[in-house]
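K.L.:
Here you go, sequence then predicted model.
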Amino acid sequence: MKRNKAKRSIYIRIFGAFLITYVFLMIGFCVFLVSLEKEAAGKEFAAYSLQISNRVDEALNGKLDSNNNIIDIADVRREFIRMPLTDMLSGAEAAIFTDDFELIYNTNDYLRCSYTRNRKENESYGEYGLLNLREWFSDEEVKELIDYMIAEPEAKKAGDINGYSLHIYGWIDGEMIIPDKIHVDASYADKFDAEGNVIVSKGTISYGNVYSSGYEDTRGLPYIEHGIVRDDYNKFLNVENQYEIRQMVMDETRLKSYVKRITGIAYTAERVHMLTYRYYRVVPYRITTQTQDQVLYSAFRTAVGMDVNLWDRVNSTMAYVSASCLIMFIFAAYILSRQTHKIYLKQEELDTKRKEMTDALAHDLKTPLSIISGYAQNLQDNVHTEKRAHYTGHILSNVHRMDEIIKKMLEMSKLSSDSFEINIEDVSLNDISEKIINRYNNICDEKHIKTYIDGEAVIKADKALIERVIDNFFVNALDNMDDGGVIRISIQDNIFEIYNNGSHIPEDIINDIWLPYKKGNADRSNTKGSGIGLSIVRTILELHKFSYGVENKEDGVIFWFKFK
């Protein structure tokens, strides 16, 4: 329960810290990205506004007198209808003013129409005009006509409807068209390409759907025998925003203020809603001159405005970056949480081992200290003086025992330190095994223990430390065997094994014998050694990155380590 609570606390804290960091970074990145996109959108707007101004130049070319006055304003307006000002910049509105801030033309939400007029007998030419549907038809009729215009029926086979066209008949009033009748005619798919797209369509004027305005001409206006509503000029989308932008570019007060404040080609941008900014710029006509009061003089000025939703421009990038960063943050938080939890468990394990070691060391030192204390007290009190030599012998023996315990503790501490370095060289496992068998040959003879060596391997290791490992394995085998036993050393398939046919290690503690002061026999007082020999072996093998283990066999025990 305690470990689960600690794990949950670690994960919550780390994930919480990463989440807070992630949120702040994303907010900062969003602000930074929006600021960059705002500047980029402004530069694009400035570039397009120059193109709109160039179109104004084209429309006015040849239509001005020597004083830069427009000769025929209706002709100029029809030219602007023929070449729409803002078709290259969707959603933009523009207005053209004279040098004394008189409005001569502005974009609108009317429909652009083309029609044919007779100039002379047997001679005709094309013209353009504007149609205000809302002035002549009901809201329901306007909606139906617009639906026909924007409809995109999907034709599957020849004869299917693939579009509609609006044919108009009416009168010309300047640049405006007063409708008499509008016919809605369908076109039918005739041929398809390999991808299923219509490449040829057919249609005839059917006069099926007819919309009449009911207007009666009393002024003798020119009549259009045939015209068509262009489907490339529909401004009915975002009507509210477009109306506000249109009013902005037509605002004489704003124009005057801009001209007084701006002496270059800069633009203004103001936030109208969340991440939607409204851009505004005035571009002078051709060559300009600067007056003494720092006001730019120009024969004509084109005011351009549009709304830019920066979120529409950055949302894909933000989604990608946010998702990518979130995945990376979650992954990093998980890795850090997992490692932190492992460190916590390791620290907890070390604290437990330290406590066990301290308790075990106190237990092992307590016995010899008690014996030394008792014998010293007898010597001091002159009790059994005839046993003085016996007392001093036991005192020295227990002092030696304590000295061995402390030496091994210091050795283990040295091996476990980060500064300890092993000396790697070529080591013959067969040679070391033979050396150790010879070292304990007298004991083996006394206990009638037979020893065998099978195999050979030369490994990269610290010779002294590996000798210490094999020596400890061999001594453990000797200590846990009856007379007449067998010790067999096997070196093959990258594994060193030492087998003895002694008593088994209890399965419930077999994995703990590598820990300090953990012995195969639960009765500590009746076992030999300091209790940290196998712990030193474990440390040495882990320094070499060798795996190791112990197994109970049917008639004995095998200690082993696997070398590279």
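P.N.:
Here it is on my side, so go on. All of these numbers come straight from a predicted model, not from anything done at the bench. Numbering: from 1, shown residues only.
K.L.:
Give me the longest strand you can find in the chain.
P.N.:
Across the chain, the longest stretch assigned as strand under DSSP state E is strand 176-192.
K.L.:
Only the buried residues of that strand, if you could.
P.N.:
By neighbour count, and taking 16 or more other CB atoms under 10 Å as the criterion, the buried residues in strand 176-192 are 176-180, 182-190, 192. From N, CA and C alone the C-beta is placed, and that goes for glycine too.
K.L.:
Ok, stretch 97-115 next?
P.N.:
Residues 97, 98, 105, 106, 107, 109, 110, 111, 112, 113, 114, 115 are the ones in stretch 97-115 that count as buried (16+ other CB under 10 Å).
K.L.:
now do the same end-to-end measure for that stretch.
P.N.:
End-to-end distance for stretch 97-115: 28 Å, by CA to CA, to the nearest Å.
K.L.:
residue boundaries of the helices in this structure?
P.N.:
For the chain, the helices defined by DSSP state H occupy 2-60, 73-82, 133-136, 139-150, 239-249, 252-261, 310-380, 388-416, 429-439, 441-446, 463-479, 533-543.
K.L.:
Tabulate the ones you listed (a markdown table), appending distance to residue 490 and mean neighbour count.
P.N.:
Rendered in a markdown table, the data for the helices of the chain read as follows (distance: least, CB to CB, whole Å; neighbours: other CB atoms under 10 Å):
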| stretch | distance to residue 490 | mean neighbour count |
| --- | --- | --- |
| helix 2-60 | 40 | 15 |
| helix 73-82 | 100 | 18 |
| helix 133-136 | 100 | 17 |
| helix 139-150 | 88 | 14 |
| helix 239-249 | 87 | 17 |
| helix 252-261 | 96 | 14 |
| helix 310-380 | 32 | 14 |
| helix 388-416 | 26 | 14 |
| helix 429-439 | 10 | 17 |
| helix 441-446 | 18 | 11 |
| helix 463-479 | 12 | 20 |
| helix 533-543 | 17 | 21 |
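K.L.:
Between those, which one is closest to residue 270.
P.N.:
Among the helices of the chain, helix 239-249 comes nearest to residue 270, with 9.9 Å by CB to CB.
K.L.:
Check what contacts that closest one and list those residues.
P.N.:
For helix 239-249, contacts defined as CB atoms under 8 Å, 6 or more residues apart in numbering pick out 91-95, 106-109, 235, 254, 278, 280, 303-307.
K.L.:
quick check, nearest of the buried residues of stretch 97-115 to residue 9?
P.N.:
Nearest to residue 9 among the buried residues of stretch 97-115 is residue 109, at 62.5 Å by CB to CB.
K.L.:
Torsion angles phi and psi at that closest one?
P.N.:
Geometry field for residue 109 lists phi and psi as phi -100, psi 20, criterion degrees, to the nearest 10.
K.L.:
gap between residue 394 and residue 407?
P.N.:
20 Å (CB to CB, to the nearest Å).
K.L.:
ok so, going back, buried subset of the contacts of helix 239-249, written for PyMOL?
P.N.:
PyMOL command restricting these to the buried ones, with burial defined by 16+ other CB under 10 Å:
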select buried, resi 91+92+93+94+95+106+107+109+235+254+278+280+303+304+305+306+307
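K.L.:
Just the ones in strands from the contacts of helix 239-249, please.
P.N.:
Within the contacts of helix 239-249, residues falling in strands by DSSP E are 93, 94, 95, 106, 278, 280, 303, 304, 305, 306, 307.
K.L.:
In a markdown table: the residues you listed, plus distance to residue 58 and pLDDT.
P.N.:
Putting these into a markdown table (distance: CB to CB, whole Å; pLDDT from 0 to 100) gives the following:
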| residue | distance to residue 58 | pLDDT |
| --- | --- | --- |
| 93 | 19 | 92 |
| 94 | 14 | 94 |
| 95 | 17 | 94 |
| 106 | 18 | 91 |
| 278 | 27 | 94 |
| 280 | 23 | 94 |
| 303 | 18 | 94 |
| 304 | 16 | 94 |
| 305 | 21 | 94 |
| 306 | 21 | 93 |
| 307 | 26 | 93 |
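K.L.:
Fine by me, we can end here.
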